[in-house]
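>>> Predicted structure and sequence below. I'll ask about it afterward.
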Amino acid sequence: MFRKIIRIIRTAFLVKKNRQLIMLTLLFEIILSNMTLNHGRELIERIGFYPECNAFSLIWNDTFFMMLFFFIVIFAFSNAPFRERVSSYVMIRSGKRLYVLAHVIYISILSFIIPVFLYIVNAFFLPYRQGNGEWGQFWGAISQNSEVYADLNYISLDYRVLWDFTPKETLQHIMFICFLLCFMTGLLLYLAALHGKKKIGIIFIVSLVTMSRISVFYRMFRLYWVSPFTWICLNILTPENNGILVNVFYAKAMLCMIDVILVIGIFITSYKKRSYYE
């Protein structure tokens, strides 16, 4: 069984259409990071200090970047449910349940690759020097003087964040949330495609992403709690409940629950269908 799953996952990565989508997705990540951090080195020269941590955790506070990134994620999974000429043969050989399980694992692997690659790219466009586990003077200067560096910096950083989290904590939280959001996006598109409603699924996800950008931009605090894609913005996260900002535990727990429900929905849908291609 394990070998069959590995074989299906490997086939999914090697299929020409999926391979092209993955390569274009990584290319778009490079372009998007360059757009956002292209003045990073000049910003370092102006402030006089190197960052002591990667910009990955903080770049999501630029909601325009966040919106474009998840549009790229939608593009990465746009081939769902990954049907190719050999799909029917592979599914008959492996069984429908294993076939669907392998695709869920494929979505999870790609959901891991996408944020990890972004982390590496961000280190290139805004290089940092490993510090002592603190935020350092670079991010402290930006959090207190965001207007001064507005012409070179698109990352807004609330000073509160420096007190509430350490760089290591933010990296753990945001990387995990980013993975869960990418996974959720892939699962939603896969489930919608199984129902023959992929276009509706894409429109729904685009609406969620857009709503998240609007809610953060206009500070619609009530929407923070129901807009999943806002939960990756560090400026609206807090380690404790305060009635306005979103608790980190709540964000991760809700995303885990949503992903589990989507996985269950995918298996129920595939089980009820007499044919995978209905």
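Structure's in. What do you need?

>>> Check which residues of stretch 36-43 are buried.
36-37, 39-40, 43 (16 or more other CB atoms under 10 Å). Quick note: C-beta positions are derived from backbone N, CA and C, even for glycine.

>>> Could I get the full set of helices for the stretch 151-278 of the chain?
In the stretch 151-278 of the chain, the helices defined using DSSP state H, counting those that start in this stretch lie at 159-164, 167-194, 198-217, 221-224, 248-272.

>>> and of those, who's closest to E134?
helix 167-194 (7.3 Å; CB to CB).

>>> Tell me the helices and strands packed up against that closest one.
Helix 167-194 is packed against helix 63-76, helix 96-125, helix 198-217, helix 248-272, with contacts defined by 3 or more CB pairs under 8 Å, 6 or more residues apart in numbering; DSSP states H and E.

>>> residues contacting the most centrally placed residue in the chain?
Central residue of the chain (CA atoms, centre = their mean): C178, 3.6 Å from the mean position. Residues near C178 by CB atoms under 8 Å, 6 or more residues apart in numbering: 60, 114-115, 118, 232.

>>> Please report how far it lies from A251.
In this view, C178 and A251 are 11 Å apart by CB to CB, to the nearest Å.

>>> How far does stretch 231-248 sit from its chain's centre?
Taking CA atoms, centre = their mean, to the nearest Å, the mean C-alpha location of stretch 231-248 is offset from the chain mean by 18 Å.

>>> residues of the helix or strand where L26 lies that come out buried?
Taking DSSP states H and E as the criterion, L26 maps to helix 16-37. Across helix 16-37, burial judged by 16+ other CB under 10 Å covers 18, 21-22, 25-26, 28-29, 32-33, 36-37.

>>> ok so, going back, which among the helices and strands packed on helix 167-194 is found nearest to M184?
That would be, of the helices and strands packed on helix 167-194 and by CB to CB, helix 248-272, which comes in at 5.5 Å.

>>> where does the chain have low pLDDT?
Flagging of the chain using pLDDT under 70 yields the residue ranges 84-95, 146-154, 243, 273-278.

>>> what about Y224, how many residues close to it?
Around Y224 there are 20 other residues, counting by other CB atoms under 10 Å.

>>> Quick check: buried residues in stretch 72-80?
Judged by neighbour count (16+ other CB under 10 Å), stretch 72-80 contains these buried residues: 72-74, 76-77, 79-80.

>>> what's that stretch in contact with?
17-18, 21-22, 24-25, 28-29, 32, 107, 110, 114, 181-182, 185-186, 189-190, 192-193, 198, 202, 205-206.

>>> Can you check the distance spanned by stretch 126-133, start to finish?
18 Å (CA to CA, to the nearest Å).

>>> Dump stretch 183-203 to CSV, restricted to CA.
The C-alpha trace of stretch 183-203 is given here as CSV (Å, rounded to 0.1, in the frame of the first residue of the first chain):
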residue,chain,number,x,y,z
PHE,A,183,-3.3,23.1,2.4
MET,A,184,-6.8,24.5,2.9
THR,A,185,-6.7,26.1,-0.5
GLY,A,186,-5.6,22.9,-2.3
LEU,A,187,-8.2,20.9,-0.5
LEU,A,188,-11.0,23.3,-1.3
LEU,A,189,-10.1,23.3,-5.0
TYR,A,190,-9.8,19.5,-5.0
LEU,A,191,-13.2,19.1,-3.3
ALA,A,192,-14.9,21.6,-5.6
ALA,A,193,-13.4,19.8,-8.6
LEU,A,194,-14.8,16.5,-7.4
HIS,A,195,-18.2,18.1,-7.4
GLY,A,196,-17.6,19.6,-10.9
LYS,A,197,-17.6,23.1,-9.4
LYS,A,198,-14.0,24.1,-9.6
LYS,A,199,-14.7,27.6,-11.0
ILE,A,200,-17.0,28.3,-8.0
GLY,A,201,-14.3,27.0,-5.7
ILE,A,202,-11.8,29.4,-7.2
ILE,A,203,-14.2,32.3,-6.9
